[in-house]
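Visitor: My questions are about this predicted structure, shown below with the sequence.
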Amino acid sequence: MVEWSDSERNTIASVWGKVNVDEIGAQALGRVLIVYPWTQRYFGTFGDLSSAPAILGNPKVAKHGKTVLSALEKAVKNMDDIKGTYSQLSLLHCEKLNVDPDNFRLLADCLTIVIATAFGAGFSPAVQATWQKFLSVVVAALSSRYF
Ligand code: HNI
């Protein structure tokens, strides 16, 4: 069971309040597909993923990035039961989508980089540490039904 201090809860709420789900979602998923090209194999129906500009301009990547980030909001709103919140989603990624769970960590890291770039000095090391704690719990929860 993960414990959250009031300060950590405030930090996560504050970071989330500044996240533009459309933009950050598209950039984070786009970055995963560019930096870790093997992840493209899960998105065979998404059309042109042949170059970084193609990925960043691909409307299906943008739409799915928004879907992923919108799902992240559920964790922000249910910080005391992130595992339960993602139970079905974990099962879906495992049994139906067959996504290797290592990829959750890659997406989480890309998301942190994109947020750090967007926020600049506002994303201090202390804020980043709390944000990464939060994403670690999200990654563990999404991986929880694999085992
Ligand atoms: Ni993921 C579908 C949430 C990481 C590959 N994913 C979804 C859906 C949600 C979602 C929500 C839609 C489910 C539905 O249709 O009911 N995915 C999340 C979250 C994370 C994540 C919250 C991590 C923070 N997904 C990943 C990663 C990959 C991934 C890292 C692969 C690299 N996801 C998929 C694929 C689909 C998907 C593939 C189906 C897409 C489609 O529309 O065909």
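Guide: Okay, I see it. The structure presented is a predicted model; accordingly, all values stated were derived computationally and were not measured. Numbers count the residues shown, from 1 in each chain.
Visitor: The ligand contacts on the protein?
Guide: By Cβ under 6 Å from any ligand atom, the residues of the chain that approach the ligand are 39, 42-43, 64, 67-68, 71-72, 89, 92-93, 97, 99, 103-104, 107, 138, 142. Where you see a C-beta, it was placed from the backbone N, CA and C, and this is true even at glycine.
Visitor: can you tell me the helix or strand for the closest residue to residue 107 other than its chain neighbours?
Guide: Leaving aside its sequence neighbours, residue 107 sits nearest to residue 32 (Cβ to Cβ, 6 or more residues apart in numbering; 5.2 Å). Assessed by DSSP states H and E, residue 32 sits inside helix 21-35.
Visitor: Would you mark the buried spots in that helix?
Guide: Using 16 or more other Cβ atoms under 10 Å as the test for burial, helix 21-35 gives 21, 24-34.
Visitor: that older thread, can I assume the residue nearest to residue 107 is in contact with residue 106?
Guide: Yes. With contact defined as Cβ atoms under 8 Å, residue 32 reaches residue 106; the gap is 5.7 Å.
Visitor: Identify the contacts common to those two.
Guide: Jointly contacting residue 32 and residue 106 under the rule Cβ atoms under 8 Å, 6 or more residues apart in numbering are residue 39.
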